[in-house]
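Have a look; sequence and predicted model below, questions after that.
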Amino acid sequence: MMDRFLSLPVIEQLSPSLSLRRNAELDILVIDHPKAQAAVSLQGAQLLLWQPTGQQPVIWLSEKAAFVSGKALRGGIPICWPWFGRVAQPAHGFARNLPWQLQQHQESDETLSLSLNLTDSAETDAYWPHAFSLTLEISVGEQLTLSLNSSSNEEVRLTGALHTYFAVGDIGKTSVEALGSEYTDSLNKGQKVEDAPVLTIEEGEAIDRIYTAAEEVSFIHDEANQRVIVVEHQGNNCVVAWNPGKEGARGMADMADDGYQTMLCVETVLAGTPTIINAQHSHQLLARIRIA
């Protein structure tokens, strides 16, 4: 998949490892660094791929993702903000569907860092009538860090998520530790469930679980790729695990019928009762990912 982005014509070479390119209707930042390769869509500031050098891809992107202006991309790390879920329209907020601005980029021997920003406008006022500044800091190297910082000059209430799609070799040979044993089953009318502390998924099974007592670090055991993906969460109040399953994938125009077999969302989420951000204050939602 990374070859697809590297083959796009270069619009502007921003640094030795960073270039601006275009795929269909969307501008893409392509990173080809000695430590890792990655791609970021300026629409939604959405990281699409991350592959440390010598490793299999860690972030999953649907082969049928539609690079259409104003349409959410299936895969990568969508930013859900200023709400999570279907509590308002559009679902998961507007931040992932709007163009962001690249503010800064820095490159070293170990990492390439980006800073992207979205601020209030007439378009955002139609959805959410508040002044705000939303900044995403991305650090790409042997590990990946995303830090989403929300601030406003007025009191605001919000939820949100870093909705990470992880690439796995075989969902039936994948398990997740440290999610806790209590979750809300969104596929069963929000039923509260107590279960084993290790998540496993049967072939074809759909899951949508909100883990309300998850630990600060999740461990994704990707047996087929013989690796453990370590995910550190900060600023969240829950972790969501999601896979559409066989039938769900078949109903998605932007996912291959077998796409569910090689992905699992383990999301860094601020959900439930909206978090209050006082005027002139900020909130940070962070995910740090590495291969153990």
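Perfect, thanks for sending it.

how many other residues sit next to the closest residue to residue 46 other than its chain neighbours?
Nearest non-adjacent residue to residue 46, counting by CB to CB, 6 or more residues apart in numbering: residue 76, 5.0 Å away. Just so you know, the C-beta spots here come from the backbone N, C-alpha and C atoms, and that holds for glycine as well. When counting by other CB atoms under 10 Å, one arrives at 25 neighbours for residue 76.

Contact partners for residue 76?
41, 46, 47, 48, 49, 59, 60, 61, 165 (CB atoms under 8 Å, 6 or more residues apart in numbering).

these two touch, right, residue 49 and residue 39?
Yes. The criterion here is CB atoms under 8 Å, and residue 49 meets it with residue 39 at 4.7 Å.

any residues in contact with both of the two?
Contacts common to residue 49 and residue 39, judged by CB under 8 Å, 6+ apart, are 2, 5.

residue ranges of the strands in the stretch 101-250 of the chain, please?
With DSSP state E, counting those that start in this stretch as the definition, the stretch 101-250 of the chain shows strands at residue ranges 101-107, 112-119, 133-140, 144-151, 156-162, 165-167, 174-177, 182-185, 191-194, 199-200, 207-211, 217-222, 227-234, 238-243.

Quick one: closest of those strands to residue 283.
strand 144-151 (4.9 Å; CB to CB).

Report the central residue of the protein.
residue 77 (1.9 Å; CA atoms, centre = their mean).

Can you read off the pLDDT for that one?
On pLDDT, residue 77 comes in at 99.

That one and residue 161 touch, don't they?
No. Shown here, residue 77 and residue 161 do not form a contact pair, counting by CB under 8 Å, at 9.5 Å.

I'd like the list of the contacts of residue 76 that fall within strands, please.
If you go by DSSP state E, those have 41, 46, 47, 48, 49, 165 in strands.

quick check: longest strand of this protein.
Max-length strand for the chain by DSSP E is strand 263-277.

Point out the other helices and strands that it packs with.
strand 156-162, strand 165-167, strand 174-177, strand 217-222, strand 227-234, strand 238-243, strand 282-291 (3 or more CB pairs under 8 Å, 6 or more residues apart in numbering; DSSP states H and E).

Each with direction, which strands does it pair with?
strand 156-162 (antiparallel), strand 165-167 (antiparallel), strand 238-243 (antiparallel) (DSSP bridges).

so which of those gets nearest residue 4?
The nearest among the strands paired with strand 263-277, by CB to CB, is strand 165-167 at 14.8 Å.

just how off-centre is the closest one within its chain?
9 Å (CA atoms, centre = their mean, to the nearest Å).

Can you report the mean pLDDT over the residues of that strand?
Mean predicted confidence for strand 165-167 is 99.

Other residues contacting it?
Counting by CB under 8 Å, 6+ apart, 56-61, 75-77, 220, 222, 229, 262-266 sit against strand 165-167.

Type out the ChimeraX command that picks the buried ones from those.
Buried members of the contacts of strand 165-167, defined by 16 or more other CB atoms under 10 Å, are picked up in ChimeraX with:
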select :57,58,59,60,61,75,76,77,220,222,229,262,263,264,265,266
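
Spit out the contact partners of residue 184.
Applying CB under 8 Å, 6+ apart, we find residue 184 in contact with 190, 191, 192, 193, 209, 210, 212.

and the two most separated of the contacts of residue 76?
41 and 60 (14.7 Å).
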